[in-house]
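Q: Would you be able to build a 3D model of this:
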Amino acid sequence: MAITKYHIGCTVWSLKDWVGNFFTDDARQDDFLRQYASVFNSVEGNTTFYNIPQHSTIKKWGEQTPDGFKFCFKFHRSITHYKQLDDTENDIIDFLGRFEPITNRLGPFMIQLPPQFSPEYLGRLEKTLSILPGTYRYAVEVRHPDFYDHGKKENELNRLLESYNVDRITFDTRKLHSLKSNDPTIREVQRKKPKVPVRFETTGSRPMVRFVGANDPLNNEAYLKEWAIIIADWIKEGLHPYIFTHAPDKASQPPIARRFHQILSELIVINPMPAWPVEGQDEQLDLF
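A: Residues are numbered from 1 along each chain as shown. Below you'll find the model as predicted:
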């Protein structure tokens, strides 16, 4: 049975390194999304931050995923990073219009703002939220330190988001930045990912967590247990959380997500995570 009480996924759905480990041994590029969506019910749509896909591609994504699956696409960087929400109304409407073919497959759109987007630009964010079509859901990620002051500026942001039922994304990089390693892949991710404080408050009905951990699932245990407790409480309160697992090595993301789901299942009644495609393949082989 599919996971239903919350949404969980990775940062990608198309990774060749998953072939034979998560995907079946014979999986091809065209099989990746369908196999990914047989296990996870959501994915971070990072691809749209860099490139806006064609209608035909978007329609194909919808056809390859089951009911209940949700894509959480990022706003294109031209809107959030180049223009920083200044005079972007037409850009936003054009961007959102691309996804009309898969409206029923859309989770919250992610509005990821750059570190330079400070509280002095809060008016831009308010204007943006006021013109967003109510057809869709949205979540905002801020990185400027003044939005984490536990004071006036942070309260203004939270009240604004609450007034539009927009969620504030929590980007938890604590474990990542605690790692002591000379591995160049880990050091590179540490360089790129911000150090921002973690917030457990909610501003909307679909709180979203982006967790960046160590490659070894068990090395993330303390943080996964902490988030499981919080997400279990959110579900009990009637909220519908989203959590996405990151790791320096993307091949490690599914095991981290599976471990989180196992921990969460010890706290609340939820459907088990479906078997991975490669495991279903192994079961078929055992029959022979």
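Q: what comes into contact with stretch 256-266?
A: Identification of contacts with stretch 256-266 by C-beta atoms under 8 Å, 6 or more residues apart in numbering yields 3, 6, 8-10, 40, 211, 213, 217-218, 220-221, 224-225, 227-228, 231-232, 243, 245, 247, 270, 272-273. The way it works is simple: take the backbone N, C-alpha and C, and place the C-beta from them, glycine included.
Q: just to confirm, which helix or strand has residue 210 in it?
A: Element membership for residue 210, per DSSP states H and E: strand 208-212.
Q: Tell me the span between the first and last residue of stretch 36-56.
A: Using C-alpha to C-alpha, to the nearest Å, one end of stretch 36-56 lies 20 Å from the other.
Q: in the stretch 151-288 of the chain, which spans are helices?
A: Secondary structure of the stretch 151-288 of the chain by DSSP state H, counting those that start in this stretch: the helices cover 152-163, 174-178, 184-192, 221-236, 253-265, 277-287.
Q: In TSV, list the ones you listed along with distance to residue 83 and mean pLDDT.
A: Formatted as TSV, these follow (distance: least, C-beta to C-beta, whole Å; pLDDT from 0 to 100):
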stretch	distance to residue 83	mean pLDDT
helix 152-163	19	98
helix 174-178	29	97
helix 184-192	22	93
helix 221-236	33	98
helix 253-265	31	98
helix 277-287	40	69
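Q: sorry, back to before: now list the buried members of the contacts of stretch 256-266.
A: Neighbour-count burial within the contacts of stretch 256-266 applies to 3, 6, 8-10, 40, 211, 213, 217, 220-221, 224-225, 227-228, 231-232, 243, 245, 247, 270, 273; the criterion is 16 or more other C-beta atoms under 10 Å.
Q: re earlier: just the helices of the stretch 151-288 of the chain: most buried one?
A: Among these, helix 253-265 has the highest mean neighbour count (mean count of other C-beta atoms under 10 Å), at a mean of 21.
Q: Render the CA-only coordinates of that helix in CSV, please.
A: The C-alpha trace of helix 253-265 is given here as CSV (Å, rounded to 0.1, in the frame of the first residue of the first chain):
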residue,chain,number,x,y,z
GLN,A,253,19.1,9.2,-0.2
PRO,A,254,16.7,6.2,-0.5
PRO,A,255,18.2,4.3,2.5
ILE,A,256,18.0,7.5,4.6
ALA,A,257,14.4,8.0,3.6
ARG,A,258,13.6,4.3,4.4
ARG,A,259,15.2,4.6,7.8
PHE,A,260,13.2,7.7,8.6
HIS,A,261,10.0,6.0,7.6
GLN,A,262,10.8,3.0,9.8
ILE,A,263,11.4,5.3,12.8
LEU,A,264,8.2,7.2,12.1
SER,A,265,6.2,4.0,11.9
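Q: Next, the angle strand 208-212 makes with it.
A: Between the axes of helix 253-265 and strand 208-212, defined by axes from the mean of the first three to the mean of the last three C-alpha atoms, to 10 degrees, the angle is 120 degrees.
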